[in-house]
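Peer 1: Turn this into a structure:
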Amino acid sequence: MRIFAQRMGDNAQAAMDWDNLKFFLALAETGSLSRAAKQHRVDHSTVARRVEALEAELGVRLVERLTRSYRITAEGERVREQVRKVKAGVTEIVRLARDTDTSPERIVRVSGPPALLSRFLAARLLPLQKEHAGLRIDLVGEVRQVNINQGETDLALRLVRPVEKGIVARRLAVVGYALYGSRERVAGRATNRQEYLGYDESLDHLPQQRWLKTLAGDRGFALRSNDITTLMTSARASLGLAVLPCIMAQHESDLVRVPTDPPPPKRELWLLFHRDVGRSPTVRAVINRITEITTAAKRAFLGEPV
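Peer 2: Reported below is the predicted structural model:
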């Protein structure tokens with residue numbers, strides 16, 4: 001997309017590439033080439049090249065290149081504020097076009113925790129595509145919280161209460177957690193020598209992780225990972241005990257639930273979407289089906305017998 005902006009420092013009009021602006025904004029917001037690249041699913045060299053191109057277009061230095069990070073210059077801060085406004089306007093235009101689109105073909109993007117999408121939602125939700133001609137549902141596993149207001153997704157599933165303004169939030173279920181291990185390990189375990197499997201440092205803030213760290217105490221963890229599927233696989237391999245969502249673990253025949261007092265904390269599962277996006281009949285059909293699926297599984301989410 002090409003947009004027109006006044007060149008800083010003179011009155012000439014310059015055609016400016018929106019891609020250069022969005023990559024600069026990502027770098028300015030994250031402070032890291034790698035994080036900005038991950039956000040846009042490109043190589044970090046692409047981000048660097050785009051930012052350099054924007055600097056050449058504007059004729060000003062936007063960032064200071066430090067040893068391990070980038071620092072935004074004063075000119076860069078002013079540009080960042082304007083780019084935020086441009087991005088908000090572009091997002092609003094795209095949303096308006098999508099919401100007024102009466103075409104029977106529509107892609108509905110659903111983001112959420114990767115394991116929840118792949119192990120619970122996919123098989124239950126994707127059959128909806130056969131009921132609506134032209135509907136395609138994209139399931140995108142995201143550990144980070146995607147920005148709904150900026151159009152990064154149509155629907156988002158989260159395990160934290162939303163705080164954004166202008167977002168519709170629907171509580172779908174209460175998610176129960178429990179301590180699980182392999183039958184072999186649980187049957188022969190020595191409690192005072194038990195080993196635990198937990199998240200890595202990036203997820204130490206999660207309630208179930210804090211609970212497990214208290215339980216493990218000075219023993220720490222035999223294995224740490226940022227991927228719940230890895231923790232589940234490791235528990236099945238008798239490497240230790242892991243805190244897992246009951247909805248995922250209770251139907252695994254080779255995993256056994258270990259009673260604890262108190263049990264791990266519960267969490268809330270929320271469905272979020274922008275009010276305007278929710279007006280689309282196609283998106284509304286997906287919202288309703290996700291609600292039906294999670295309502296039917298409320299007891300399973302809590303780990304109660306169905």
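
Peer 1: If you count neighbours, what's buried in stretch 123-142?
Peer 2: Leu125, Leu128, His132, Leu135, Ile137, Leu139, Glu142 (16 or more other Cβ atoms under 10 Å). For every residue, glycine as well, the C-beta is placed using N, CA and C.

Peer 1: quick one, what contacts Val174?
Peer 2: Counting by Cβ atoms under 8 Å, 6 or more residues apart in numbering, Val174 touches Lys266, Arg267, Glu268, Leu269, Lys298, Phe301, Leu302.

Peer 1: ok, the fifth one to Pro263 distance?
Peer 2: If I follow you right, that is Lys298. Distance from Lys298 to Pro263, counting by Cβ to Cβ, to the nearest Å: 17 Å.

Peer 1: show me where the stretch 201-306 of the chain has strands.
Peer 2: Using DSSP state E, counting those that start in this stretch, the strands of the stretch 201-306 of the chain run over residues 223-225, 241-245, 255-258, 267-274.

Peer 1: Also the stretch 51-200 of the chain?
Peer 2: 63-65, 70-72, 106-112, 135-141, 155-158, 167-175, 177-182, 196-199.

Peer 1: To Val283, which of the ones you listed lies closest?
Peer 2: Val283 lies closest, by Cβ to Cβ, to one member of the strands of the stretch 51-200 of the chain: strand 106-112, at 5.5 Å.

Peer 1: so what secondary structure elements neighbour that closest one?
Peer 2: Applying 3 or more Cβ pairs under 8 Å, 6 or more residues apart in numbering; DSSP states H and E, we find strand 106-112 packed against strand 135-141, strand 155-158, helix 281-296.

Peer 1: Name every strand pairing with it and say which way it goes.
Peer 2: strand 135-141 (parallel), strand 155-158 (parallel) (DSSP bridges).

Peer 1: Using CSV, please lay out those strands together with distance to Arg84 and mean pLDDT.
Peer 2: Formatted as CSV, the strands paired with strand 106-112 follow (distance: least, Cβ to Cβ, whole Å; pLDDT from 0 to 100):
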stretch, distance to Arg84, mean pLDDT
strand 135-141, 23, 95
strand 155-158, 20, 96
